[in-house]
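Peer 1: sequence? don't have it. structure:
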Ligand SMILES: Nc1ncnc2c1ncn2[C@@H]1O[C@H](COP(=O)(O)OP(=O)(O)OP(=O)(O)O)[C@@H](O)[C@H]1O
């Protein structure tokens, strides 16, 4: 047991601390680098030159050593405590971003730091955070002095570990505030005593809103790691609310491998003349030099075959696989696990509970295995033992996202490899990556080594009915993820061979995709609107375009895609794919009958009759004796006429009622679907974002119902039943009339 320090020892420590702080302040102030200057351009210090405070023995003049341009941590004006923490962590030489940014950050300037992935940005802000509070003699009674915000919980956890390790000789209290953990009430009790908060935006705002007396008014330093992500639209409201509660007078540091320069973003954070330090801006490549990057064409329906083959041939590697949605991750993980590839499999996505997420993250840090993940693992994570391969099965949404994903390998001094699967319709992405200084090599997939897995998946889906549901959800969320992508040059859901894709997941039937249906319909309508409007809605006119012709027309439209693909130089795989596109007119898109619209303003119960000269006559005039000019009516004819009219009126009346019922039902259904669509979109958006915060709230929300047409009972929901009703109701008018007539006849007989 350590003996309590005596009062004198404590006093001595305090005095030493005070002197050190004085020295550090003097050193920092006197040797401040000029604003706008990049310390990397300075020569390193001579190894034997004196450091810190230098007193000229003859004149007694006090000066300080230069710290801008320092290449080693001990040459910096930082406390002994931090130096000890760094040394124990094995950190001696600084990386480029640390050399460039630390001198500016230590003198309290706002920083915009950009450097390649894995280049050591974390220490570039952790050190100034510790040093600022140390020099301010921050204590427990001073409350929150620094806040570090990260977009994901895993990254926040990792930053917290670095802070704990480098700051282990300091006396600050630090807390990790991330969503999804049960202990929010315990956090609330302690959060006011913490000096440094490492948090995700959602949880920080939760404390700002809910924790009594939570006070950040004394905040000294705010850090946004992966700043561009935190500043983007997904976190906009949360971040604005957080910043509105922080004092304006503070130091703010933003770091990312893909930094924002948007004046608007910077204004939102009230940065004061920030130092923009982009150490790799002049570099030939935007990604780490030791990273070997490849891309290959893989048609959508062969992605799983390719992934399976890849895993089977890399059983001794550590592989990180990116897919676009939680549902896809779940399905591929569960399915491949059942097929036992011979390497441990793991999965990580935003809808898992927090303990499990953290557990998976640390397990993957340790061993060789395959981790299927959404973009929740794409930023910042530094898996201890190097990742050998990053496999992007689904195309990243943009260049920045690609850079962050591949950045999970080849970190610091280690090497790594990555492969990107691109569909023929996504080839534009390759151009974009190459234009952004990413040295990506285009290779041809070796189809001979492809091990098809779709057959095995079909068998799995039969054996495990739950899997069918997962496959259906994966199918729909993937299509939705493509549908909602902003970059329409790369992502076009209408070009996807959806039937083949569905079959490749082992599904016996293509699930019904409502949003695709609507998109397809609106495409058809816009292209043929004038024709359709005059023809298809004209009930009286029998020359309505037959459905088959519509189908042929649409297939012809897809021929445009085919030409486009061939022009793009993707002949070998493209050819195969174009035929797929042509053939893949999803049943759900075309076979749905076009409802016939009937003008409700059509005059009912009145009939205008024309004579041979084209003059109008009253209906009864027909019954008159035209030859004699006598308009007296024949009684039999009159009776016959009335009978006929009664029948006609009844029929029309019946028809009206049917139409009215149908209209009301459609109206109700539309409202219901609108509500459901809202709920499902929320769920799927969360599903795709994979970021923290939202997932927690979403778990509380009701799971939205599914809309599939599968032959499994599992997929059959209320909505399906409503759908079935809807389809039954949308029988053609001719059928309705027939029905009405039958009813009428039965009434009369
Ligand atoms: N000066 C250093 N000396 C030795 N290792 C370092 C140094 N700085 C950082 N590292 C190591 O380099 C790795 C990457 O660092 P870090 O996670 O900070 O990179 P990053 O630039 O933040 O990456 P990303 O952009 O992906 O978030 C870590 O394992 C870290 O321990």
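Peer 2: Okay, I see it. Just so you know, these numbers come straight off a predicted model, no measurement behind them.
Peer 1: got the domain ranges for this structure?
Peer 2: 70-278, 291-505 (the TED database).
Peer 1: start and end of the last one, how far apart?
Peer 2: Put plainly, it is domain 291-505. One end of domain 291-505 sits 32 Å from the other (CA to CA, to the nearest Å).
Peer 1: next one: stretch 651-668 to chain centre, how far?
Peer 2: Stretch 651-668 sits 43 Å away from the centroid of its parent chain (CA atoms, centre = their mean, to the nearest Å).
Peer 1: before we move on, back to that, okay, the domains of the chain in JSON lines with mean neighbour count next?
Peer 2: The C-beta positions use only the backbone N, C-alpha and C, and glycine is treated the same way. Formatted as JSON lines, the domains of the chain follow (neighbours: other CB atoms under 10 Å):
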{"stretch": "domain 70-278", "mean neighbour count": "20"}
{"stretch": "domain 291-505", "mean neighbour count": "20"}
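Peer 1: would you mind giving these as JSON lines with mean pLDDT and distance to residue 644 added?
Peer 2: Output for those, formatted as JSON lines (pLDDT from 0 to 100; distance: least, CB to CB, whole Å):
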{"stretch": "domain 70-278", "mean pLDDT": "93", "distance to residue 644": "66"}
{"stretch": "domain 291-505", "mean pLDDT": "94", "distance to residue 644": "51"}
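Peer 1: residue 51 is nearest to which of these?
Peer 2: domain 70-278 (6.0 Å; CB to CB).
Peer 1: phi and psi next, for residue 439.
Peer 2: Phi and psi for residue 439, reported as degrees, to the nearest 10, are phi -80, psi 80.
Peer 1: same thing with residue 232?
Peer 2: Main-chain torsions, residue 232, degrees, to the nearest 10: phi -80, psi 180.
Peer 1: also residue 390?
Peer 2: Main-chain torsions, residue 390, degrees, to the nearest 10: phi -110, psi 120.
Peer 1: would you check that it makes contact with residue 322?
Peer 2: Yes. Between residue 390 and residue 322 there is a contact under CB atoms under 8 Å: 7.1 Å.
Peer 1: what residues do those two have in common as contacts?
Peer 2: Counting by CB atoms under 8 Å, 6 or more residues apart in numbering, the residues touching both residue 390 and residue 322 are residue 405.
Peer 1: where is the longest helix in the protein?
Peer 2: When the chain is scanned for its longest helix (criterion: DSSP state H), the result is helix 635-689.
Peer 1: and that helix, what's its mean pLDDT?
Peer 2: Taken as a whole, helix 635-689 has an average pLDDT of 75.
Peer 1: so which residues on the stretch 151-300 of the chain come close to the ligand?
Peer 2: Applying CB under 6 Å from any ligand atom, one finds that the stretch 151-300 of the chain approaches the ligand through residue 257.
Peer 1: what are the ranges of the strands in the stretch 201-350 of the chain?
Peer 2: 221-225, 251-256, 275-278, 291-297, 319-322, 345-348 (DSSP state E, counting those that start in this stretch).
Peer 1: between these, which one is nearest to residue 675?
Peer 2: Once the strands of the stretch 201-350 of the chain are compared by CB to CB, strand 345-348 is nearest, at 31.3 Å.
Peer 1: what does the closest one rub up against?
Peer 2: 154, 329-330, 333, 336-337, 357, 360-361, 363-364, 369-374, 376-377.
Peer 1: same thing but at 10 Å, please
Peer 2: 154, 311, 319-321, 323, 326, 329-334, 336-337, 339, 356-361, 363-364, 367, 369-374, 376-377, 381, 690 (CB atoms under 10 Å, 6 or more residues apart in numbering).
Peer 1: about what we covered before: can you redo the domains of the chain as TSV with distance to residue 515?
Peer 2: Output for the domains of the chain, formatted as TSV (distance: least, CB to CB, whole Å):
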stretch	distance to residue 515
domain 70-278	21
domain 291-505	6
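Peer 1: right, and those domains - which one's nearest residue 654?
Peer 2: Nearest of the domains of the chain (CB to CB): domain 291-505, 40.1 Å.
Peer 1: out of the domains of the chain, which comes closest to residue 656?
Peer 2: Nearest to residue 656, of the domains of the chain and by CB to CB, is domain 291-505 at 38.8 Å.
Peer 1: report the secondary structure state of the residue lying closest to residue 63 once chain neighbours are set aside.
Peer 2: Closest residue to residue 63 in three dimensions, ignoring its sequence neighbours and counting by CB to CB, 6 or more residues apart in numbering: residue 54, at 5.0 Å. With DSSP: H, G, I helix; E, B strand; the rest coil as the basis, residue 54 sits in strand.
Peer 1: tell me how many other residues crowd residue 54.
Peer 2: 13 (other CB atoms under 10 Å).
Peer 1: distance of it from residue 46?
Peer 2: 13 Å (CB to CB, to the nearest Å).
Peer 1: just residue 646 next, same as before
Peer 2: Distance from residue 646 to residue 46, by CB to CB: 113 Å.
Peer 1: among the two, which residue is more densely surrounded?
Peer 2: residue 646 (11 against 7).
Peer 1: quick check: that one vs residue 654, distance?
Peer 2: On the measure of CB to CB, residue 646 and residue 654 end up 12 Å apart.
Peer 1: quickly list what's touching both of those two.
Peer 2: By CB under 10 Å, 6+ apart, no residue touches both residue 646 and residue 654.
Peer 1: quick check: the residue lying closest to residue 411 once chain neighbours are set aside vs residue 257, distance?
Peer 2: Among residues not flanking residue 411 along the chain, residue 118 sits closest, at 3.1 Å (CB to CB, 6+ apart). Distance from residue 118 to residue 257, counting by CB to CB: 9 Å.
Peer 1: find residues that contact each of those two.
Peer 2: By CB under 10 Å, 6+ apart, the residues touching both residue 118 and residue 257 are 287-288, 380, 407.
Peer 1: returning to that earlier point: of the contacts of strand 345-348, which belong to helices?
Peer 2: 154, 311, 326, 329-334, 336-337, 339, 356-361, 363-364.
Peer 1: state the pLDDT value of residue 575.
Peer 2: 30.
Peer 1: and for residue 58?
Peer 2: 82.
Peer 1: shouldn't it be within a strand?
Peer 2: No. Under three-state DSSP, residue 58 sits outside any strand and is assigned coil.
Peer 1: ok and the helix or strand where residue 132 lies relative to strand 251-256, angle-wise?
Peer 2: Residue 132 belongs to helix 121-135 when assigned by DSSP states H and E. Counting by axes from the mean of the first three to the mean of the last three CA atoms, to 10 degrees, helix 121-135 lies at 170 degrees to strand 251-256.
Peer 1: what does the protein have sitting close to the ligand?
Peer 2: Looking at the ligand, the residues of the chain close enough under CB under 6 Å from any ligand atom are 91, 93-95, 98, 115, 117-123, 257, 380, 382, 407, 411-412.
Peer 1: could you redo the last one with a cut-off of 5 Å?
Peer 2: 91, 95, 117-123, 257, 380, 382, 407, 411-412 (CB under 5 Å from any ligand atom).
Peer 1: closest to residue 69 among those?
Peer 2: residue 95 (14.4 Å).
Peer 1: which ones are touching the closest one?
Peer 2: So residue 95 contacts 71, 115-116, 118-121, 123-124, 279, 412-413 (CB under 10 Å, 6+ apart).
Peer 1: go with 7 Å
Peer 2: Neighbouring residues of residue 95 by CB atoms under 7 Å, 6 or more residues apart in numbering: 119-120.
Peer 1: also the one 4 residues further on?
Peer 2: Shown in contact with residue 99 (CB under 7 Å, 6+ apart): 39-40, 71.
Peer 1: what helix or strand is it on?
Peer 2: helix 96-106.
Peer 1: what angle do that helix and strand 251-256 make?
Peer 2: 170 degrees.
Peer 1: and the angle from helix 96-106 to strand 221-225?
Peer 2: Using the same axes, to 10 degrees: helix 96-106 against strand 221-225 is 160 degrees.
Peer 1: which secondary structure elements does the helix or strand following helix 96-106 contact?
Peer 2: Helices and strands here follow DSSP H and E; after helix 96-106, the next one along the chain is strand 111-114. Judged by 3 or more CB pairs under 7 Å, 6 or more residues apart in numbering; DSSP states H and E, strand 111-114 is in contact with helix 96-106, strand 251-256, strand 275-278.
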